[in-house]
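Q: here is my input, please return the structure:
(chains A and B)
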Amino acid sequence: MTALLDIKDLRVTFNTRYGEVTALDSVALHVNAGETLGIVGESGCGKSITALAAMGLIPMPPGRIAGGSIQLEGEELTTASEARLRKLRGREIAMIFQEPMTSLNPVFTVGQQIAEAIRLHQNVSATQAFRDAVALLDRVGIPSAAERARDYPHQLSGGMRQRVMIAMAVSCRPKVLIADEPTTALDVTVQAQIFDLLNEIQRDFGVAIILITHDMGAVSEMADRVAVMYAGRVVEQSTADNVLDMPQHPYARGLIDCIPALGKGETELKEIPGVVPPLHLLGAGCAFADRCTLKNARCETEKPLLLNHGHHLAACHAVEEGRR
Amino acid sequence: MGMSFLLRRLSYGLLLMLGVVVLNFFLIRLAPGDPAVVIAGDMGGATEEILESIREEYGLNKPVLTQLWIYISGVAQGDLGDSFFFNQPVAKLIGERISPTILLVITAQLLSIMLGVVLGVLAARKPNGVMSAFVSVFSTIGYAVPVFWTGIMLIILFASTFPVFPVEGMQSIKLRNAGFFTQALDIAHHLVLPAFTLAIIYLAQYARLSRASMLEVLSSDYIRTARAKGASEGTVLFKHALRNAALPILTVAGLQFGNLISGALLVETVFNWPGMGRLAFDSILRRDYPTIMGVLFFASMMVVVANLITDISYRWADPRLRGRT
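A: Numbering: from 1, shown residues only, chains lettered A, B, ... in the order given. Model (predicted):
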């Protein structure tokens, strides 16, 4: 089976005042039709850049896709024309963002904004598009949808706005929905509702979801497979159960260890010592080496490749050499 | 938009006008110079008795507060008094001259906003591009150069070297009896140079302002959302971004309206445009109190109306302001 969205060996660089910095290096990911892929990692690890690359929304300049490929149903996106990408965006591949408070345009009603997305890709009248928008708002669980459609974003709560964003994203029944930390800015109770909604939408619309998050709880609830990213690379990839139950890469193990368990009498939060190195200071070796308890001389000089270790893909010399 | 909002703003406007009338009345009397002396000078010299009889005739020997009361109650009934110099009602003098001024000011305002915004948007699209550099240089020059100099240069260039536009006045004498359409075209032809002269300063400012405002808006999250929907660059710029970037432009447009009117005074003098500017200028030299106050009254009213329109258009541009008073 060919993957719906297939990213291979992707390399994205940015021109900064430190010179050319590699934001993504040899990123390989895929998502199959109807499944959910979780991408986890700390801020700045390249999760969002990966998503923007798939949408064709990396600002160029300063950004540049320096190598690799992104294929949607076999169609190459890295070399596609802007006009072609515009046709795909919103129709085949849609995205919801972290900040529902600022992601909607303040001067248009939410109904207008959803209707616009519909009319960009479907040949329907303005009235029909607005009617469809109301139906979508109803579908994502907004009460009195017909009246809310005439509201401006500032009249809605954060949770409601994220529902609007979801309605807008699925308005053209895309095959892939990228959700970039969709609940980070929301209250915990609302977070659970949004995840439930995304699960429902996936069941009804058969859409593949790429869930970008640093919330391991969300991953365990939503994802079929998980990719762990660190400093612009994928360091581990497997099924969600595998990654959560027996993480291989020392960084993935650290992440899982950091999840506080209730009722175990723990009084201190665990952490991974050290910080993610700045991307312009990455050396020849493994980017995690400085924070790793298992490092040896090879880790300092040679970048580990993402290799298959039974049930896991992992990029780690220690895993490869069986060091524990 | 609620009626209560409009009523409230209108009553603020009326209060403001009352304040303006009182302030103008005292400011003019604080300035040095005695109208009786100027009038008598025009009549060929004066003795103290003649001066006294002039003061008596124009009510200048009454206590100042009494004069103020007479003036305000006149204004309230639409009577702005009679000009010392022309011996005609001020309202009539202004009525004959206000239309050309309004035409000039509004044309210049629309020209500067529309051209300025288009330049600014184009510049914001590529902040390091040629257009951006042009806008920066152009707005620095446009802002620094005095309006009478621009006027004279435009006259030399487009009326003398390349004689495509008329130098002065508002209408050609030989077309005075032509049909409406021909006359309108003739006035538009005469309007080009003065309107551009007046517009250039503000055009430069709007270009700079809309460039900055657009740059800020273009980096916001909802612009990314619009792109993620598959909207074209034109839709993103002119529909999603410009409406949001319009607020600071509207603010400045409302505030600049007053400056535009005082700029019109100079431009009217340079181009011999038959508006209020010339009347204001001459009346100040003649210490013609009622006429000066009348001109100021109408100029202030135009500013108050412009600000009211700004307030209303704010609410159109930004739904977050609706429902507030």
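Q: what ranges do the helices span in chain B?
A: For chain B, applying DSSP state H gives helices covering B:3-30, B:35-42, B:48-58, B:64-76, B:90-125, B:130-144, B:147-155, B:180-218, B:221-229, B:233-235, B:242-271, B:276-285, B:289-317.
Q: buried residues in the shortest one, which are they?
A: Which is helix B:233-235. B:Thr235 (16 or more other Cβ atoms under 10 Å in any protein chain shown). Where you see a C-beta, it was placed from the backbone N, CA and C, and this is true even at glycine.
Q: other residues contacting that helix?
A: Under the contact criterion Cβ atoms under 8 Å, 6 or more residues apart in numbering or on different chains, helix B:233-235 has outside partners B:125, B:226.
Q: go again using 10 Å as the cut-off
A: Helix B:233-235 has contacts (Cβ atoms under 10 Å, 6 or more residues apart in numbering or on different chains) with A:82, A:86, A:116, A:120, B:125, B:226-227, B:229, B:241.
Q: residue contacts, A:Gly232?
A: A:Gly232 neighbours (Cβ under 10 Å, 6+ apart): A:10-13, A:21-27, A:41, A:44-46, A:49-50, A:276, A:279, A:282, A:287.
Q: separation between the residue nearest to B:Ala178 when sequence neighbours are not counted and chain A?
A: Excluding the flanking residues, the one nearest B:Ala178 by Cβ to Cβ, 6 or more residues apart in numbering or on different chains is B:Asp186, at 7.3 Å. Separation of B:Asp186 from chain A (Cβ to the nearest Cβ, to the nearest Å): 41 Å.
Q: so B:Asp186 makes contact with B:Asn177?
A: No - look at B:Asp186 against B:Asn177 with Cβ atoms under 10 Å: they stay out of range, at 11.6 Å.
Q: okay, these two: which has more neighbours?
A: For B:Asp186 versus B:Asn177, the count of surrounding residues by other Cβ atoms under 10 Å in any protein chain shown is larger for B:Asp186: 18 against 8.
Q: and that one, what does it touch?
A: B:166, B:170-172, B:174-176, B:178.
Q: between the residues you listed, which has the most around it?
A: B:Met170 (21 neighbours).
Q: neighbours of A:Gln162, just the number please.
A: 31.
Q: any idea which element it lies in?
A: helix A:158-169 (DSSP states H and E).
Q: what helices and strands are in contact with that helix?
A: Helix A:158-169 sits against strand A:93-96, helix A:110-121, helix A:126-139, helix A:145-148, strand A:176-180, helix A:188-205, helix B:221-229, with contacts defined as 3 or more Cβ pairs under 10 Å, 6 or more residues apart in numbering or on different chains; DSSP states H and E.
Q: comparing those, which gets the lowest mean pLDDT score?
A: Least confident of these, judged by mean pLDDT, is helix A:188-205 with a mean of 87.
Q: on that earlier part again, most packed of the helices of chain B?
A: Here the criterion is mean neighbour count by mean count of other Cβ atoms under 10 Å in any protein chain shown, and of the helices of chain B the winner is helix B:221-229, at a mean of 23.
Q: quick one, that helix and helix B:180-218 angle?
A: Going by axes from the mean of the first three to the mean of the last three Cα atoms, to 10 degrees, helix B:221-229 is angled at 100 degrees with respect to helix B:180-218.
Q: can you dump the C-alpha coordinates of helix B:221-229 into PDB?
A: Taking C-alpha atoms only, helix B:221-229 is exported to PDB below (Å, rounded to 0.1, in the frame of the first residue of the first chain):
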ATOM      1  CA  ASP B 221      -2.000  34.000  12.200                       C
ATOM      2  CA  TYR B 222      -5.200  34.600  10.300                       C
ATOM      3  CA  ILE B 223      -3.300  35.400   7.200                       C
ATOM      4  CA  ARG B 224      -1.600  32.000   7.500                       C
ATOM      5  CA  THR B 225      -5.100  30.600   7.800                       C
ATOM      6  CA  ALA B 226      -6.200  32.300   4.700                       C
ATOM      7  CA  ARG B 227      -3.300  30.900   2.800                       C
ATOM      8  CA  ALA B 228      -3.900  27.400   4.200                       C
ATOM      9  CA  LYS B 229      -7.400  27.600   2.800                       C
END
